[in-house]
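Trainee: Show me the folded form of this:
(chains A and B)
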There are 2 protein chains.
Amino acid sequence: MTTTLTLYTPAGVLAQAQPLRRAAKRLKALGFEVQVDADALAKHQRFAGDDETRLAALHRVAAEAPSIAMATRGGYGLTRLLDRIDWPLLARSVEQGTRWVGQSDLTSLQLGLLAHAKQQGPQTWAGPLACDDFGRTEEEGGVDDVTQDCFTEAMDGLLEAVGFRTEAGFDGLAVKGQLWGGNLSVLNSLLGTPHLPRIKGGILFLEDVNEHPYRVERNLLQLQQAGILDAQKAVVLGEFSAWRKSPLDRGYTLKSAIEAVRARTKTPILSGLPFGHVRTKVCLPVGAKVELLVQGRDAFIGWQGDPQHHHHHSHAHEGHDHAH
Amino acid sequence: MTTTLTLYTPAGVLAQAQPLRRAAKRLKALGFEVQVDADALAKHQRFAGDDETRLAALHRVAAEAPSIAMATRGGYGLTRLLDRIDWPLLARSVEQGTRWVGQSDLTSLQLGLLAHAKQQGPQTWAGPLACDDFGRTEEEGGVDDVTQDCFTEAMDGLLEAVGFRTEAGFDGLAVKGQLWGGNLSVLNSLLGTPHLPRIKGGILFLEDVNEHPYRVERNLLQLQQAGILDAQKAVVLGEFSAWRKSPLDRGYTLKSAIEAVRARTKTPILSGLPFGHVRTKVCLPVGAKVELLVQGRDAFIGWQGDPQHHHHHSHAHEGHDHAH
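Mentor: Numbering: from 1, shown residues only, chains lettered A, B, ... in the order given. Below is the predicted model of the structure:
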């Protein structure tokens, strides 16, 4: 079976073509039939083409429904499109089997799909971005093995769990719920809008980059004050990377921020998830029903079989015509 | 009549005492009877004392109800207190005549007061912060004349309007509504929480600091997508200062951001308000009914008499005992 993989650029501009070429080459070598969207290298100010161009690219990819729709990078740009995205068109591509994969600014696309879905939302994959994760030269560190293996397994429908080391204090935790989340700043930028799903009893994962811990804390406290943290079964924190200390911190750290949030909710907040703006990252099925288990300091997020394959089966009796 | 002015520190730590001493001295020279709250120089990590200390200071100032309650600085810290602030206590201090003045992180206090009020909310003043605006050495530029004059007029109840130069395109605009707003990032951090007032037909003013235009745009588009921009009579932009260009901008500027927002709402968005994290800033009555008028490129925000004095009169028939 051929696995088609389309690379497209829905948000920030690709300043150079080389990382895209390297990513395409590497993904081909992994066995994917790689297509590059016609406007993947379009340029308009800091965007990958103007709003019309990027919206058309997104809809074009959805209409073509490749096996995998992988964003080349994030940046900023999807916010401008949210009110105009044809959400049913994107949802149909998911039903047809397209695995949408990405992170960062893509969080708004992944959560918007859940928010605008009639039933339990279309499942997508939080995972690598082509240029960030497959576009680095060998001198820049090449491709991370864990990232690559987890990605190929997820895309092949073989990934059924991810494991990580968390801090002490959660031994025996066992909860089930819908997995959702992504980039904290992007998620918070959906608050109050129609594009944030209202998920209760979920398992919320979060990461961010370039954000000082006080800003991470402010965002998390906003989620708490909005009633969102309390409504979750668990919160799982990924990496909060590339922020700079300030002389005013005086001992205040990311740990202080997390402690301040923990003091305000009964929902367990675990850290250690290998996900975020870092080289080593897992793939996570956004929108899928998952189980979070902790034994000692070993945490597992698991799901039954291939969430998307499962999704097909659940629709088969409704007369949909899916090729498996 | 004695005008008491209490300096307190509700959010970020004052690393040094000198700016506070300079500010107190200058404010005394202006005729205010200056008191410094006992914990104005408290220190806990990046905060002016731990949460209990800062919350107690805020409540202590409200209970004492000085003529003016002026924050020494902003920073980050009020977010941690919002769920625990005794809003009726603060509202009573406003009824007793206290003018709460400040900006930046204080935006959450000023908007929280409106959100938690039973009727048209308690009015406060968006304006200077003691250390930022009255605490600089002469070598650092001393005190800005416009800032000082506008502040003293506002505190004396004599300020009835502020004027500024705006861009072409709004000649003849004349709208009335409740004035609200402040720091954009702080305002957006209230979205989805009980601490953001639901103001329709208002005049919304916004400023920010250290935020790249794409982040300003993202915040403004969030307000648009949340239905808030469309519900206002006008949006008035102050200064968006101290952000740094990125090589990826490729011609994208603050102007591009504002244009992108203007394209998505019929609400007029004017710029040029002398307010923000800049030396020259006006005082604005948050929560007051104001009129916005534009003639050519001259804009005025005006109100009838002293908003707080007016507020007293409107309550006099209810049997409250106010000394005028």
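
Trainee: where's A:Gln178, which helix or strand?
Mentor: Using DSSP states H and E, A:Gln178 falls within strand A:174-183.

Trainee: got the contact list for the residue sitting nearest the centre point of chain A?
Mentor: Centroid-nearest residue in chain A: A:Ala126, 2.5 Å away (criterion: Cα atoms, centre = their mean). Listed by Cβ atoms under 8 Å, 6 or more residues apart in numbering or on different chains, the contact set of A:Ala126 reads A:101-103, A:106-107, A:110, A:181-182, A:205, A:275, A:283-284, A:286. (Glycine included, C-beta is placed from N, CA and C.)

Trainee: Go through the residues you listed and name the one nearest B:Gly31.
Mentor: Nearest to B:Gly31 out of those is A:Thr107 (Cβ to Cβ; 53.2 Å).

Trainee: count of neighbours near that closest one?
Mentor: By other Cβ atoms under 10 Å in any protein chain shown, 27 other residues sit near A:Thr107.

Trainee: And for the nearest residue to A:Ala115 once chain neighbours are set aside, the neighbour number?
Mentor: Ranked by Cβ to Cβ, 6 or more residues apart in numbering or on different chains and with sequence neighbours excluded, the top spatial neighbour of A:Ala115 is A:Pro197, at 4.2 Å. Residues lying near A:Pro197 (other Cβ under 10 Å) number 19.

Trainee: Contact partners for A:Pro197?
Mentor: A:Pro197 is in contact with A:Leu111, A:Leu114, A:Ala115, A:Gly121, A:Trp180, counting by Cβ under 8 Å, 6+ apart.

Trainee: Quick check: the second one touching A:Gly287?
Mentor: Meaning A:Leu114. Yes. A:Leu114 lies in contact with A:Gly287 (Cβ atoms under 8 Å); the separation is 5.2 Å.

Trainee: Overlap in contacts, these two.
Mentor: With Cβ under 8 Å, 6+ apart as the test, A:Leu114 and A:Gly287 both reach A:Gly121, A:Pro122, A:Trp180.

Trainee: all strands of the stretch 1-150 of chain A, in order?
Mentor: With strands called from DSSP state E, counting those that start in this stretch, the stretch 1-150 of chain A shows them at A:4-8, A:33-36, A:68-71, A:99-102, A:124-126.

Trainee: Show residues contacting the third one.
Mentor: Okay, so that is strand A:68-71. With Cβ under 8 Å, 6+ apart as the test, strand A:68-71 has contacts from A:3-11, A:27, A:32, A:61-62, A:93, A:98-102, A:106, A:128-130, A:155.

Trainee: show me the contacts for the residue lying closest to A:Gly31 once chain neighbours are set aside.
Mentor: Spatially, and ignoring its direct neighbours in sequence, A:Gly31 is nearest to A:Thr3 (6.9 Å; Cβ to Cβ, 6+ apart). By Cβ under 8 Å, 6+ apart, the contact set of A:Thr3 is A:Gly31, A:Phe32, A:Glu33, A:Ser67, A:Ile68, A:Met155, A:Asp156.

Trainee: what two of those residues are the furthest from one another?
Mentor: With Cβ to Cβ as the measure, no two of the contacts of A:Thr3 lie farther apart than A:Glu33 and A:Asp156, at 13.9 Å.

Trainee: Count the residues that sit near A:Leu7.
Mentor: A:Leu7 has 26 nearby residues by other Cβ under 10 Å.

Trainee: what do you get for A:Arg60?
Mentor: Using other Cβ under 10 Å, A:Arg60 has 14 other residues around it.

Trainee: Might you report the residue contacts of it?
Mentor: When the contact criterion is Cβ under 8 Å, 6+ apart, the partners of A:Arg60 are A:Tyr8, A:Asp37, A:Ala38.

Trainee: Chain B versus that one, what's the distance?
Mentor: As judged by Cβ to the nearest Cβ, to the nearest Å, A:Arg60 and chain B stand 23 Å apart.

Trainee: Likewise for A:Thr79?
Mentor: Remark: distance between A:Thr79 and chain B (Cβ to the nearest Cβ) = 5 Å.

Trainee: So which bits of the stretch 201-324 of chain A are right by chain B?
Mentor: A:214-215, A:217-219, A:221-222, A:225-226, A:228, A:246-252, A:256, A:260, A:264 (Cβ under 8 Å from any Cβ of the partner chain).

Trainee: Just the buried residues of those residues.
Mentor: Among those, those that count as buried by neighbour count (16 or more other Cβ atoms under 10 Å in any protein chain shown) are A:214-215, A:217-219, A:221-222, A:225-226, A:228, A:248-249, A:252, A:256, A:260, A:264.

Trainee: In these, find the pair that's most separated.
Mentor: For those, the farthest-apart pair by Cβ to Cβ is A:Ile228 and A:Leu248; their separation is 28.8 Å.

Trainee: Do a quick rundown of the helices in the stretch 151-300 of chain A.
Mentor: Ranges of helices within the stretch 151-300 of chain A are A:184-188, A:213-225, A:254-262, based on DSSP state H, counting those that start in this stretch.

Trainee: residues in contact with the longest one?
Mentor: Going back to what we said before, that points to helix A:213-225. By Cβ under 8 Å, 6+ apart, helix A:213-225 touches A:184-185, A:187-188, A:191, A:206, A:208, A:211, A:229-230, A:240, A:243, A:252-254, A:256-258, A:260-261, A:264-265, B:46, B:76, B:79-80, B:82-83, B:189-195.
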